[in-house]
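**Q** Pasted the sequence and its predicted model underneath.
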Amino acid sequence: VSLGAGAAHRKAKEFLPWSALAGVAWAIYSVGLGYFGGQWLGASWLGTAVSVLALFGAGSVAALLMRRPAPTPAS
């Protein structure tokens, strides 16, 4: 996104507040996910295995969605 903002010649005052907000939101999400995941699964090998499987599953779904051809417009 930063590269796209630079290529579009966006000024820092337009981009920086949104970038900071996104960083804070991502940090809250990551900490919350870690906290609640630790509460639910505990600090064990099972929790690690479930996390790794979820990571690969989410990546696979994202790759599948990205490779789908764009829908053709109805005439």
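**A** Okay, I see it. This is a predicted model, so every value here is computed, not measured.
**Q** buried stuff in the helix or strand of the chain with the lowest mean pLDDT?
**A** Within the chain, judged by mean pLDDT, DSSP states H and E, the helix or strand with the poorest mean is helix 2-7; its value is a mean of 78. The neighbour-count check on helix 2-7 (16 or more other Cβ atoms under 10 Å) flags Ala5 as buried. From N, CA and C alone the C-beta is placed, and that goes for glycine too.
**Q** for that helix, packing partners?
**A** Other elements packing on helix 2-7 under the criterion 3 or more Cβ pairs under 8 Å, 6 or more residues apart in numbering; DSSP states H and E are helix 12-41.
**Q** ok, then the element right after the helix it packs on?
**A** helix 45-67 (DSSP states H and E).
**Q** what's the angle between that next one and helix 12-41?
**A** Counting by axes from the mean of the first three to the mean of the last three Cα atoms, to 10 degrees, helix 45-67 points 140 degrees away from the direction of helix 12-41.
**Q** For this protein, give me the ranges with low pLDDT.
**A** In the predicted model of the chain, residues 1, 75 satisfy pLDDT under 70.
**Q** Can you pull up the most central residue in this structure?
**A** For the chain, the residue whose C-alpha lies nearest the mean C-alpha position (Cα atoms, centre = their mean) is Trp26; its distance is 7.9 Å.
**Q** For Val61, see how far away Pro69 is.
**A** Between Pro69 and Val61 the distance, using Cβ to Cβ, to the nearest Å, works out to 17 Å.
**Q** These two: who's more crowded?
**A** The residue with more neighbours, out of Pro69 and Val61 and counting by other Cβ atoms under 10 Å, is Val61; that gives 10 against 5.
**Q** circling back to that earlier point, now do the same contact list for the residue nearest to the centre of the chain.
**A** For Trp26, no contacting residues are found, by Cβ atoms under 8 Å, 6 or more residues apart in numbering.
**Q** What does Arg68 show for phi and psi?
**A** Per-residue torsions, Arg68: phi -60, psi 140 (degrees, to the nearest 10).
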